[in-house]
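*Asks:* What follows is a protein structure lacking sequence information:
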């Protein structure tokens, strides 16, 4: 449970740093989109985040044997 809580806290901090504060104050422009993907890599959790300004974040890509699985996910 502590690991999942730390992952969620990490995601929150990353998103808070990636979204500029002026975007939250503007009412005429749409807010930047953040997309979060959860990749099934067996026992491990892999999270891919696409944030504004071309920030791409991969959290825990799984075990070494799962590398090709993650690469195939990105290719698709």
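*Replies:* Received the coordinates, thanks. Since we're looking at a predicted model, the values are computed, not measured.
*Asks:* residue ranges with poor pLDDT in this protein?
*Replies:* The chain contains residues with pLDDT under 70 at 1-4, 16-31, 44, 61.
*Asks:* all helices of the chain, in order?
*Replies:* Using DSSP state H, the helices found in the chain span residues 2-18, 21-25, 67-75.
*Asks:* Who does the residue at minimal distance from the centre of the chain form a beta bridge with?
*Replies:* Central residue of the chain (Cα atoms, centre = their mean): residue 49, 2.1 Å from the mean position. Here residue 49 shows beta-bridge partners residue 36, residue 57, assigned using DSSP bridges.
*Asks:* Just to check, it is in contact with residue 11?
*Replies:* Yes - using Cβ atoms under 8 Å, residue 49 is in contact with residue 11, at 6.7 Å. (C-beta placed from N, C-alpha, C; glycine too.)
*Asks:* Find residues that contact each of these two.
*Replies:* 36, 59 (Cβ atoms under 8 Å, 6 or more residues apart in numbering).
*Asks:* In this structure residue 36 contacts residue 11, no?
*Replies:* Yes - Residue 36 lies in contact with residue 11 (Cβ under 8 Å); the separation is 7.2 Å.
*Asks:* Neighbour count: the two, which is higher?
*Replies:* Just comparing residue 36 and residue 11: by other Cβ atoms under 10 Å the higher neighbour count belongs to residue 11, 16 against 13.
*Asks:* so who does the more buried one touch?
*Replies:* 36, 47, 49, 59.
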